[in-house]
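Chemist: Here is my input, please return the structure:
(2 chains)
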There are 2 protein chains.
Amino acid sequence: MERKLISETPEMVGQSVKLAGWVNVRRDHGKLIFIDLRDRSGVIQMVIIPDKEEAYKIAKEVRSEFVIEIEGLVKQRPGGAAKAGIATGGVEIEVEKMNVLAKPEGELPVDISEDDFNLHLDTLLDNRVLTLRNEKVKAIFRVYSEVLKAYADFMKREGFTEIKTPKILSAATEGGANFFKIKYFEREAYLAQSPQFYKQAGVGVFERVFEIGSVFRAEPHFTTRHVNEYIGMDAEMGFINSFEDVMDELEKTMAYIMESVARDCAKDLERYKVEILPVKSIPRIKLTEALEILDKEFGKKMDAIDIDAEGERMIGEWALKEHGSEFVFLTHYPSNIRPFYSMPSADPQYTETYDLIYKGMEIASGGQRIHDYKQLVANIKKHKLKPEDFEHYLDIFKYGMPPHGGWGLGSERIVQRMLGLKSIKEAILFPRDVKRLTP
Amino acid sequence: MERKLISETPEMVGQSVKLAGWVNVRRDHGKLIFIDLRDRSGVIQMVIIPDKEEAYKIAKEVRSEFVIEIEGLVKQRPGGAAKAGIATGGVEIEVEKMNVLAKPEGELPVDISEDDFNLHLDTLLDNRVLTLRNEKVKAIFRVYSEVLKAYADFMKREGFTEIKTPKILSAATEGGANFFKIKYFEREAYLAQSPQFYKQAGVGVFERVFEIGSVFRAEPHFTTRHVNEYIGMDAEMGFINSFEDVMDELEKTMAYIMESVARDCAKDLERYKVEILPVKSIPRIKLTEALEILDKEFGKKMDAIDIDAEGERMIGEWALKEHGSEFVFLTHYPSNIRPFYSMPSADPQYTETYDLIYKGMEIASGGQRIHDYKQLVANIKKHKLKPEDFEHYLDIFKYGMPPHGGWGLGSERIVQRMLGLKSIKEAILFPRDVKRLTP
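Modeler: Okay, here's the model as predicted:
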């Protein structure tokens, strides 16, 4: 008999079926034994009665996380009441045969069978290979995988070419402090903290490029929104009229991602009690205006023309209240807090740049870049950097580059904010921070 | 007027159009000036006549790689003869207005306008940001991007969940020699040379997982098929009956990739004079049998039960001649040349593993893995390794793991072999080798 998935059973009432998966939980009810079986498609309740002697004997021995294979009859469930969290609650399996494929070794450190799974972050992460098996935790990564897919699908639809750029670099540009250093044969090298230079080179080749790839940041952060390794969803596009074109594209991208997740991950969102608002027109406000709003509406004053995590949270609240939008663009950051390649605004104290705030947290940063060689050299000097340190980067602009811009979007932050996860680490299978390199 | 793409012009004869792109080449024919304009969609010939004074003056000044924007009239081309390599050969543009968006700085180091582009590898790579703009070189990366897309699409269709696993590891397992060392805050860490352990953990969560991600190998190779950083296309699947199931899945995956590229990159393949054979049943032969074939058919003897690059090339030839297949699986590698986690065969001298050879070169390696905790511990010891060095990896098997297996597939090698590129470095935008970390 060919193995079926648990999700197929509601269509198979009255038929024999072969299933395989993990024992989610086992309950001994006097004579009857109940086992909730879990496979990649869901969870189903199975009943083992003493008459099926061999199966019953095995069922007596199995415990949580045993890997088993069963054959049995799909039955309408008495009462028909759907059990909370079990999609196949309407049916159950009367087991005929049972076979153990693999046994756990020793005791399980945590019980992962609970629908409402609330562990301390360290416990959750220390036991990651086990805790990831919990249905509520798995839901996060189904959503995550949908975000990756939707992003790539939309980019291609919009004429962007997918590229993969090197993560090992010869020089720590853009300020060396945030780079991890590598021993590269007989010399030193650095891990890429963004594909910025390479995606700009990509504009010279394909006009529109995107990359989904590893980003490494050596920042000694201890916050709920930073990690030292994450997956960046980058894009860069040429022949723009202004950075408004870039924001238009990012707005459409976010609308598509939100729509895809809402459609394809409805059950996962339900588990987190989240409803996704459709993305319409995302408000775009100047950073200076945002600071006035913070002052007026929240009584918060910043020392400089900049915004902090609290300010982003407040401006997110404001955007939802005033514009009914979970997203808001903050624009025109001052040049002293933006990289040297940022296109200056008409007032050169500011730049044609933006951050995208989602539910009160920055998830993307971008803008228009300088495309003229001489202007770029001058701006490198203005930022007190040395043009000779950017030789290979500058080559791109020696060969003719159109006006262009783009963004870096943090894949995990989208999921963190969407599902309301306390820490970004919950949205990463095996997160890396200053203290954590395992598992 | 809204900018159109060059590929849209054949449908616009008699209409005015706005185009933008790079000057591929400019030819001054006495009074008339001809410019081949290049954008992301193709190349088109434009004519500038002296009557259009302003445009003519600008056209006199522009050179290769100037970024320009033009307005003009789409006309049927006199004679209608399609110019080789120009898809829009049937039409040309009579330019009305021309505007320079960006100028190159200084002389171009190489002429990239030629259809038949044959540079020395070092010249090609040293000037990468420019040489990538050549149409023949761009074709490689259109194919590459299609391979990535087809792989992801097929995996999802087959029920695999996309995962992203960490590239920074706490320990150099599987033998430390091939790992790059990183300074990670106050300690040392290593760059992942495969997502092996994490994708196996993924089987415990999702049964079927795949990853497209960076792989780092610190091997001091100087060959045409090795680089130190590449993009691995990995997969791992649970509840298999044997490693034949894994080969079945990989066979279907390769068939899908080949079909997708043949369909969507027909012009790019034509440029390389390549015809893709449909993938039917890929022959599976034991490594020991392959060695007999090498001896009998090619007079080649190996010192041990192993195969080298020349042997793979020969067995590829044999498979094409005998089976009409560009692919061949070599199976049952001896345990001493396979990793400790490989499932032993009935004869424990061998393993349930395989390599996939495509046009005479290994592009994938895989097999069934040991899923039983005790057997795995014993095999680690047998390989003269210490179980305590694999503490976190072993945890996976403490929690119940089904029989499983998978593969690691080199994305760039597929494209190298498909297009018949001499070096794998031609199939990577910005390759990394022992000597090369720039551009």
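Chemist: Tell me how far the residue of chain A positioned farthest from its centre lies from chain B.
Modeler: No residue in chain A sits farther from the centre than A:Asp51, which is 48.6 Å out by C-alpha atoms, centre = their mean. Separation of A:Asp51 from chain B (C-beta to the nearest C-beta, to the nearest Å): 27 Å. No exception for glycine: its C-beta is placed from N, CA and C like everyone else's.
Chemist: ok so that residue is a helix residue?
Modeler: No: when DSSP: H, G, I helix; E, B strand; the rest coil is applied, A:Asp51 is found to be coil, with no helix at that position.
Chemist: How about the backbone phi and psi for it?
Modeler: phi -60, psi -30 (degrees, to the nearest 10).
Chemist: how near is it to A:Glu388?
Modeler: According to C-beta to C-beta, to the nearest Å, A:Asp51 stands 84 Å off from A:Glu388.
Chemist: now A:Glu53
Modeler: The value you get for A:Glu53 to A:Glu388, if C-beta to C-beta is used, is 82 Å.
Chemist: A:Ala177 - how many residues pack around it?
Modeler: 9 (other C-beta atoms under 10 Å in any protein chain shown).
Chemist: Helix, strand or coil: sort out it for me.
Modeler: helix.
Chemist: ok, and the closest non-adjacent residue to it?
Modeler: Counting by C-beta to C-beta, 6 or more residues apart in numbering or on different chains, A:Ala177 lies nearest to A:Ala218, which is 7.4 Å off, once chain neighbours are set aside.
Chemist: I figured that neighbour was touching A:Ala172, is that so?
Modeler: No: applying C-beta atoms under 8 Å as the test, A:Ala218 and A:Ala172 come out as separate, 9.5 Å apart.
Chemist: can you list residues touching both of those two?
Modeler: A:Phe179 (C-beta atoms under 8 Å, 6 or more residues apart in numbering or on different chains).
Chemist: CA-only coordinates of stretch A:256-263 in CSV, if you can.
Modeler: Extracted in CSV, the C-alpha atoms of stretch A:256-263 (Å, rounded to 0.1, in the frame of the first residue of the first chain):
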residue,chain,number,x,y,z
TYR,A,256,2.0,41.0,-3.4
ILE,A,257,3.7,39.3,-0.5
MET,A,258,0.9,40.2,1.9
GLU,A,259,-1.7,39.0,-0.5
SER,A,260,0.2,35.7,-1.1
VAL,A,261,0.6,34.9,2.6
ALA,A,262,-3.0,35.9,3.4
ARG,A,263,-4.2,33.5,0.6
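Chemist: And it, what's buried?
Modeler: Residues A:256-258, A:260-262 are the ones in stretch A:256-263 that count as buried (16 or more other C-beta atoms under 10 Å in any protein chain shown).
Chemist: For chain A, which segments count as helices?
Modeler: A:53-61, A:121-126, A:128-131, A:135-157, A:196-206, A:243-264, A:266-271, A:287-298, A:309-323, A:373-382, A:391-398, A:411-419 (DSSP state H).
Chemist: Pull the distance from the longest one to the chain's centre.
Modeler: Meaning helix A:135-157. A distance of 8 Å separates the centroid of the chain from that of helix A:135-157, by C-alpha atoms, centre = their mean, to the nearest Å.
Chemist: orientation of it relative to helix B:135-157 in degrees?
Modeler: Orientation of helix A:135-157 against helix B:135-157 (axes from the mean of the first three to the mean of the last three C-alpha atoms, to 10 degrees) gives an angle of 150 degrees.
Chemist: so does helix A:135-157 get close to chain B?
Modeler: Yes: using C-beta under 8 Å from any C-beta of the partner chain, helix A:135-157 reaches chain B at A:138, A:141-142, A:144-145, A:148-149, A:152, A:156.
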